[in-house]
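Undergrad: Sequence first, then the predicted structure, then my questions.
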Amino acid sequence: MMVIVLDNSNIRVVVGMSGGVDSSVTALLLKQQGYDVVGVFMKNWDDTDEYGVCTATEDYEDVAKVASEIGIPYYSINFEKEYWDRVFTYFLDEYKAGRTPNPDVMCNKEIKFKAFLDYADELDADYIAMGHYAQVDVDANGVAHMLRGADANKDQTYFLSQLSQEQLKRSMFPIGHMQKSEVRAIAAEYGLATAAKKDSTGICFIGERNFKQFLGTYLPAQPGKMMTLDGQEMGDHDGLMYYTIGQRSGLGIGGNSDNSDPWFVVGKDLEQNILYVGQGFENPALYATKLDATNLSWTTGAARGDEFHVTAKFRYRQADTGVTVKMTGDNTATVTFDEPVRAITPGQAVVFYDGAECLGGGTIDVAYSDAKVLQYV
Amino acid sequence: MEHVYLDNAATTPMAPEVITEMTTQMQNDFGNASSTHWFGRQAHTVMDQSRLILANSINAKPNDIIITSGATESNNTALMQTAHTRQNLGKHIITTAIEHPSILRPLEALEAEGFRVTYLPVNDQGVIDLADFDAALDDDTILVTIMFGNNEVGSRMPIEAIGERLINHQAWFHTDATQAYGLLDIDVQAMHIDMLSVSAHKINGPKQIGFLYRGPKIYFPSFIRGGEQEMKRRAGTESVVQVAGFAKAVSLITPEVKAERQARYFAFKQQLMARLNAADIEFAVNGSLNPDNLNHVFNLWFKGISTYALQTNLDLAGFAISGGSACTAGSLEPSHVLTAMFGEASPRIGESIRTSFGHETTAEQIDAYADALIRIINRIKTKANA
């Protein structure tokens, strides 16, 4: 039997290294496969606190340790301006509009797979690689298909749904076929400094900080009235931007004598600055049957047709729901659900799947209960 | 891959003679130079011989040389101790906008204490205007600290003219000569310099060693306390090995060597520019091409090419140059020197690199470096236009 040994040494792969275990193992695997691997840390946010402590510094130190352990060169690139202009401005604008943005989707689209890819091009890269739990499969016709990560609990295709064919064809996800536990085991086996590092949580630029406090430093909070949908006043809210549809905590209202169910955010009126609340997790006002989506982008290059039935997710780690997509323009559609879905949140991503393949997605603009517009913004 | 080192303004490799000297010292004399036994005297002798060499290099007296851990400590000592000792005479300090951070950060601390600091602007060649200096100097001025030559663009400051102006003024004159030392002739007496800082590692000596020259009329208490060393002017057991290595490095640099290096480095600049011009590469020199500058420093602007891309590509191709100082997380801090020269909106700030030559740099290396630069820049431009 003839053994073909692939020589990857002339293929340069620039790895986005965050200082976490996933991108560490990503770099390690590529190096083992013989690629010309270059590690690059993205500095997207200046989070130096009043004591001069900056988590980016610690993360970069971890990149340095891991890269030395693997034996690859490592560098840093500053995208603070790009991040501010293309992600953070959008983030604030969405909150101003009473919506709940998804900066991670935007960061992937504009920074990690655009600004970073452009920079990798300047470094003569053939590919970029990331430690996302997602897979890319290029078919016989040269079309790239983005598949869910093999670890169902870690699948990150939701956040990658805005990527284009061009971006996917240049991207590698070397850990996408693995379970997180396997990734940690490899990191431990090779003694990587990040093997036991805890996963980052929350929005990258907020980190462990108090979200409310953070947002309040950028947008003026406008307290207003909290009411039920039938007009009963229930006290005050701190500012509509602090609440998201379906959220329970922090309303500061107890149950009443007849009904001890907890209270949830069921709507917003931006014009009158009213926060609508209702009782019960399964409050009917929280259920939508369809939505309008904007900014649709297809990983495969184009929509399947004018109308098609696939599955969808409306937030990260949610089970898929069967939906019918009816295109209403080049990048807009009406998405009708097979069954009602709770807490469809304007500003979040709606992402489409056909089995394992992530077809693309868009931004939730308006939620409906049958023909009625739900007052979520 | 061969790695070519063109970042000699950051640090230099130790000269073989220095390594031999230090290795010999390590094997022989380990005594504490303050001890009153034979071992101590052996060490003390090395200190004395070395100090004489260091003093002669700037036409000073041995007793006016305080050995420190390097120019950063020398600068901190000169500034903090002068200000604190002389605050009854005035609270004003004059410096330039393009000093090294080991000058600027202590001055910020002094400002926070209530001292008044004038930061003289520089022109687009990185040089101050003496008229600005004259306008800034007043009866309240107690200290003038102006670098001999700049570490990022190689510009040389009018040290002699400032020294002359201060002959009959109360202000003490300090100069950070870290980059100029070993390349330009320095005479603290003829130049009326009261204090001067240098580091050994910039002149093929060891790291963590340097000196502060403190003229005979200058007095302030030790910055670091807890020992009688250096005639009570700098506490801490002397590192005789490093001092011996430092003195060896200095002794290798005769006036002829300095002149030869200045001429050779200037020729490297011409060689590099000729290659870039021949390849139609768009570039500009940040600073001037005055042959009296610190010729080991060459700062170039490559229009439209980011510093990050240039530095990283050059490193991947085996050429070590500087894109500026790293602040948090490896990110480059916008150069305060280029900002002072061209304004903060100038594209030069994000599109320039510093190449710095050293004793071991060869014309062949400059050719190979030019090849790499041309190849990288053309590739980036072609991709950007695609």
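TA: Alright, I've got the coordinates.

Undergrad: if I pick the residue in the stretch 201-350 of chain A that chain B sits nearest to, what's in contact with it?
TA: Residue of the stretch 201-350 of chain A nearest chain B, by Cβ to the nearest Cβ: A:Cys204 (13.1 Å). C-betas here are computed from N, CA, C, even on glycine. A:Cys204 sits next to A:Asn44, A:Trp45, A:Pro103, A:Asp104, A:Cys107 when contact means Cβ atoms under 8 Å, 6 or more residues apart in numbering or on different chains.

Undergrad: Let me have these in TSV, extended by neighbour count, pLDDT and secondary structure.
TA: Below are the contacts of A:Cys204 laid out as TSV (neighbours: other Cβ atoms under 10 Å in any protein chain shown; pLDDT from 0 to 100; DSSP: H, G, I helix; E, B strand; the rest coil):
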residue	neighbour count	pLDDT	secondary structure
A:Asn44	24	92	coil
A:Trp45	20	89	coil
A:Pro103	21	95	helix
A:Asp104	18	95	helix
A:Cys107	26	96	helix
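
Undergrad: what's the domain layout of chain B?
TA: Per automatic domain parsing, the structural domains of chain B span B:4-12+B:254-385, B:16-251.

Undergrad: what's the closest of those to chain A?
TA: Per Cβ to the nearest Cβ, nearest to chain A of those: domain B:4-12+B:254-385, 2.9 Å.

Undergrad: can the closest one be found next to chain A?
TA: Yes - using Cβ under 8 Å from any Cβ of the partner chain, domain B:4-12+B:254-385 reaches chain A at B:306, B:308-309, B:312-313, B:315-316, B:326, B:328-332, B:379-380, B:383.

Undergrad: Report the buried members of these.
TA: By neighbour count, with 16 or more other Cβ atoms under 10 Å in any protein chain shown, the residues of domain B:4-12+B:254-385 next to chain A hold B:306, B:308-309, B:312-313, B:315-316, B:328-332, B:380 as buried.

Undergrad: if we can go back for a sec, could you dump the contacts of A:Cys204 into a markdown table and include distance to chain B?
TA: Shown next, in a markdown table, are the contacts of A:Cys204 (distance: Cβ to the nearest Cβ, whole Å):
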| residue | distance to chain B |
| --- | --- |
| A:Asn44 | 10 |
| A:Trp45 | 10 |
| A:Pro103 | 19 |
| A:Asp104 | 20 |
| A:Cys107 | 17 |
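
Undergrad: Which two of these have the greatest separation?
TA: Across these, the longest distance by Cβ to Cβ is 13.1 Å; it joins A:Trp45 and A:Asp104.

Undergrad: Return the residues in contact with A:Asp306.
TA: By Cβ under 8 Å, 6+ apart, A:Asp306 lies in contact with A:Lys326, A:Met327.

Undergrad: Residue in the stretch 51-200 of chain A with the shortest distance to chain B?
TA: Nearest residue of the stretch 51-200 of chain A to chain B (Cβ to the nearest Cβ) works out as A:Ser76 at 2.9 Å.

Undergrad: Check the gap between the residue lying closest to that residue once chain neighbours are set aside and A:Gly278 for me.
TA: Leaving aside its sequence neighbours, A:Ser76 sits nearest to B:Gly330 (Cβ to Cβ, 6 or more residues apart in numbering or on different chains; 2.9 Å). The span separating B:Gly330 from A:Gly278 equals 50 Å under the rule Cβ to Cβ, to the nearest Å.

Undergrad: likewise B:Met147?
TA: Distance from B:Met147 to A:Gly278, by Cβ to Cβ: 69 Å.

Undergrad: Looking at those two, which one has more neighbours?
TA: The neighbour count for B:Met147 versus A:Gly278, taken as other Cβ atoms under 10 Å in any protein chain shown, is higher for B:Met147 (26 against 18).

Undergrad: Grab the nearest non-local neighbour of that one.
TA: With Cβ to Cβ, 6+ apart, the residue lying closest to B:Met147 is B:Asp176, at 4.5 Å.

Undergrad: need the contact list for that neighbour.
TA: By Cβ under 8 Å, 6+ apart, the contact set of B:Asp176 is B:Ala71, B:Asn75, B:Glu99, B:His100, B:Ser102, B:Ile103, B:Thr145, B:Met147, B:Phe148, B:Leu196, B:Ser197.

Undergrad: How many neighbouring residues does the fifth one have?
TA: Translated: B:Ser102. With other Cβ under 10 Å as criterion, B:Ser102 counts 19.

Undergrad: A:Val341 belongs to a strand?
TA: Yes - per DSSP: H, G, I helix; E, B strand; the rest coil, A:Val341 lies within a strand segment.

Undergrad: neighbours around it, how many?
TA: Neighbour count for A:Val341, taken as other Cβ under 10 Å: 22.

Undergrad: tell me which residues in the helix or strand bottoming out on mean pLDDT in chain A are buried?
TA: Sorted by mean pLDDT, DSSP states H and E, the helices and strands of chain A end with helix A:211-216, the least confident at a mean of 88. Residues A:Leu215 are the ones in helix A:211-216 that count as buried (16+ other Cβ under 10 Å).

Undergrad: Next: stretch B:27-36.
TA: By neighbour count on 16+ other Cβ under 10 Å, the buried set for stretch B:27-36 is B:Asp29, B:Gly31, B:Ala33.

Undergrad: pretty sure the first one is touching B:Ala43, no?
TA: Put plainly, it is B:Asp29. Yes - counting by Cβ atoms under 8 Å, B:Asp29 touches B:Ala43, with 5.3 Å between them.

Undergrad: Now do the shared contacts for those two.
TA: With Cβ under 8 Å, 6+ apart, B:Asp29 and B:Ala43 have common neighbours B:Val240.

Undergrad: coming back round to it: how about the residue of the stretch 201-350 of chain A closest to chain B, secondary structure?
TA: Applying three-state DSSP: A:Cys204 is coil.

Undergrad: which phi and psi does it have?
TA: Backbone torsions of A:Cys204, given as degrees, to the nearest 10, read phi -60, psi -40.

Undergrad: same thing with A:Ala187?
TA: phi -60, psi -40.

Undergrad: For the residue nearest to A:Ser76, which residues are in contact?
TA: Contacts of B:Gly330 (Cβ under 8 Å, 6+ apart): A:Phe41, A:Lys43, A:Tyr60, A:Tyr75, A:Ser76.

Undergrad: ok, the nearest residue to A:Arg12 once chain neighbours are set aside - how many residues close by?
TA: Of all residues not flanking A:Arg12 in the chain, A:Asp36 sits nearest, at 4.3 Å (Cβ to Cβ, 6+ apart). Look at A:Asp36: counted by other Cβ under 10 Å, it has 19 neighbours.

Undergrad: what helix or strand is the closest residue to B:Ser288 other than its chain neighbours on?
TA: Sequence neighbours aside, B:Gln125 is the residue nearest to B:Ser288 in space, at 4.1 Å (criterion: Cβ to Cβ, 6+ apart). Of the helices and strands defined by DSSP states H and E, none includes B:Gln125.
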